[in-house]
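Q: 3D model of this:
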Amino acid sequence: MINRRHCLQALAATAAWPGVARAAWPDKPIRIVVPYAPGGFTDIVSRLVAQKLTGRLGQPVIVENKAGGSTAIAAEHVARSAPDGHTLIMAVTTTLSTNPFLFKKLPYKASDFVPVALTGLTPFVLSAHPAVPAHTVKELVALAKARPGSLNLATLGTGSSTHLVGAMFNGMAGLDLPYIPYKGAGPALSDLTAGHVQLFFDGIATSAPLFRAGKLKGIALTAEARSPAAPQVPTFAESGMPEMLAASWYGLLAPAGTPAAIVETLNQATNEALQASDVRARIEQDGATAPQLGAKAFGELIERHTQQWGRVIAPLNIQLD
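A: You can find the predicted model right below:
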């Protein structure tokens, strides 16, 4: 378990790093900056992790919400913070893996951060209105090709994860399903259950209750294995599209230059926090997983996802202001 002794060991290891305070670390509260408003999955998990880290690091770990700018407001704030381990961001796929391809100008860059710990991976589920006369990916693709214009995809707007996963599916399936933008998952699901739109790549946590109620049906999941949240829904790999793998990642980043020993201490403490039964249960409730990765492995995961989304975004010619 990470305790004060481990933190003091981290301090000793940082002695050779210029600009790092030599007082005991952490010597003041740690802030986790969340790039969204309170109440969502990212915020909830951040608060659960912060609570566990408080007990392990011996200082309060506080969640601060800085929403807006497609996570750029929070990212810029943390990128400009002192690299002393006291300010972190709960970054998401948007922050590093898609924003750089979508925006002409960003107030930060990937090299402004160092990966600390992965806190979750959330796949997407292709949900359909029950009246859609297809129950499998193969049947859905055949239907879309036989009846052009009969199916469309709800999205959360241009450049959103739902739009990009839809584009990925269109490309792999050889389809041209039109996108219908919505301002949030709530309105999209409302129109989907009403039959005004036929398909939606949603988070499994919000779709699973609608599957059980018979208001929607799950076609396939963009994960390597089925989800306990909706075990009846097959993966795209099972459905004949093994390359249709996509997930949103969530994880802690620190400003570049944060000493490696502090990063390692934070990584170990976060991985321990993720093993707590209440944290694990909340993550699984949302159909997510939280593999225990070291900081280096987390960085490699971010790079893989960034390359994947770059390939999806390039042919779309999307430029956001």
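
Q: number of residues surrounding the residue nearest to residue 316 when sequence neighbours are not counted?
A: Excluding the flanking residues, the one nearest residue 316 by CB to CB, 6 or more residues apart in numbering is residue 167, at 5.9 Å. C-beta here means a position set from N, CA and C on the backbone, and glycine is covered the same way. Using other CB atoms under 10 Å, residue 167 is surrounded by 20 other residues.

Q: now do the SS call for residue 167.
A: Of the three states, residue 167 takes helix under DSSP: H, G, I helix; E, B strand; the rest coil.

Q: my read: it touches residue 314, true?
A: No: counting by CB atoms under 8 Å, residue 167 does not reach residue 314; the two are 10.6 Å apart.

Q: longest strand in this protein, please.
A: For the chain, the strand with the greatest residue count under DSSP state E is strand 113-128.

Q: in this structure, where is pLDDT below threshold?
A: Across the chain, the ranges flagged by pLDDT under 70 are 1-23.

Q: touching, residue 87 and residue 33? I think so.
A: Yes: in this structure residue 87 lies within contact range of residue 33 using CB under 8 Å: 6.9 Å.

Q: between those two, which one's more packed in?
A: Set side by side, residue 87 and residue 33 show more neighbours around residue 33, with 23 against 20, by other CB under 10 Å.

Q: and that one, which of the three is it?
A: For residue 33, the assignment made with three-state DSSP gives strand.

Q: mind listing what it touches?
A: Counting by CB atoms under 8 Å, 6 or more residues apart in numbering, residue 33 touches 64-66, 74, 77-78, 87-90.

Q: so which of those belong to helices?
A: Secondary structure assignment (DSSP state H) places 74, 77-78 from the contacts of residue 33 within helices.

Q: can you tell me which of those lies closest to residue 200?
A: Using CB to CB, residue 74 comes nearest to residue 200 of these, at 26.9 Å.

Q: residues in contact with the closest residue to the closest one other than its chain neighbours?
A: Of all residues not flanking residue 74 in the chain, residue 35 sits nearest, at 3.7 Å (CB to CB, 6+ apart). Neighbour list for residue 35: 42, 66-68, 71, 73-75, 89-92, 94-95 [criterion: CB under 8 Å, 6+ apart].

Q: tell me the phi and psi of residue 35?
A: Dihedral pair for residue 35: phi -80, psi 10, per degrees, to the nearest 10.

Q: check the one 3 residues further on too.
A: With angles defined as degrees, to the nearest 10, residue 38 sits at phi -60, psi 150.

Q: isn't it up against residue 65?
A: Yes: counting by CB under 8 Å, residue 38 touches residue 65, with 5.5 Å between them.

Q: quick revisit: now the contacts of residue 33 in TSV, with distance to residue 111?
A: Formatted as TSV, the contacts of residue 33 follow (distance: CB to CB, whole Å):
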residue	distance to residue 111
64	23
65	25
66	21
74	17
77	17
78	13
87	17
88	17
89	15
90	19
